[in-house]
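Visitor: This is a predicted model, with the sequence first.
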Amino acid sequence: PLKTIAERARDQGRKVGIITSVSIDHATPAAFYAHVPSRKQYYDIALALARSDFNYFAGGGFRDLENKYGKSLDFKGNALDVIRKAGYGLVNTREAFNALSPGADKVIVMNRQSGHGHSLPYAMDADDTDISLAEFTRKGIELLIGEKGFFMMVEGGQIDFACHANDAAAA
């Protein structure tokens, strides 16, 4: 199998971060760490995240932690349990997010009110407890910066969703 640019960066000793305003297991972020036949294999994509050994993930959460769509033939229980067993810490409050400091590793940050298909709320709908894409990105730089450099993918996927919905205000 081919390696992604993010996997190559990891293998060269760089830290890796994957950030999105939609679910962490959505097509674009998944393309950097998962090797599955279909973008709709959300459960398998979550399992691939556990195997990625990347340093920082941030986004709206996950779409399928229990294989509810039945796309996986490799059910291993709740994917969050598998992710935790792989050494990842989960953060879903602003307080815990703000407390992250350099040295924190294998962190997954999910916005607390990831409604709308497990995406961040649009900026115009967010409140003070929500963490924005810009904040996810600033924190990622803080956590990933190091001697060997880092690779970070940042996706504003909500822009795409708003455009599909013809929602000019949200876009």
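Guide: Received it, and whenever you're ready, just let me know what you need.
Visitor: what's around residue 101, how many residues?
Guide: Residue 101 has 9 neighbours, counted by other Cβ atoms under 10 Å. No exception for glycine: its C-beta is placed from N, CA and C like everyone else's.
Visitor: which residues does it contact?
Guide: Shown in contact with residue 101 (Cβ atoms under 8 Å, 6 or more residues apart in numbering): 142, 143.
Visitor: and residue 18, bridged to which residues?
Guide: Per DSSP bridges, the residues bridged to residue 18 are residue 57, residue 153.
Visitor: Could you check how far it is from residue 76?
Guide: Between residue 18 and residue 76 the distance is 21 Å, computed by Cβ to Cβ, to the nearest Å.
Visitor: What of residue 41?
Guide: 14 Å.
Visitor: returning to what we had before: compare neighbour counts for residue 18 and residue 76 and give me the winner.
Guide: Ranked by neighbour count (other Cβ under 10 Å), residue 18 and residue 76 place residue 18 first, with 27 against 15.
Visitor: so that one touches residue 57, yeah?
Guide: Yes: look at residue 18 against residue 57 with Cβ atoms under 8 Å: they come within range, at 5.1 Å.
Visitor: what's the overlap in contacts for those two?
Guide: By Cβ under 8 Å, 6+ apart, residue 18 and residue 57 have these common neighbours: 24, 29.
Visitor: where's residue 138, which helix or strand?
Guide: helix 133-144 (DSSP states H and E).
Visitor: Off-centre distance for that helix?
Guide: 12 Å (Cα atoms, centre = their mean, to the nearest Å).
Visitor: name the helices or strands packed onto it?
Guide: Contact here means 3 or more Cβ pairs under 8 Å, 6 or more residues apart in numbering; DSSP states H and E; on that basis helix 133-144 packs against strand 15-20, strand 56-59, strand 107-110, strand 150-155.
Visitor: Who are the contact partners of the residue nearest the centre of the chain?
Guide: Nearest residue to the geometric centre of the chain (Cα atoms, centre = their mean): residue 24, 3.2 Å. Taking Cβ under 8 Å, 6+ apart as the criterion, residue 24 is in contact with 18, 46, 49, 57, 58, 59, 60, 61, 62, 108, 110.
Visitor: and if we set it to 6 Å?
Guide: Residue 24 makes contact with 57, 59, according to Cβ atoms under 6 Å, 6 or more residues apart in numbering.
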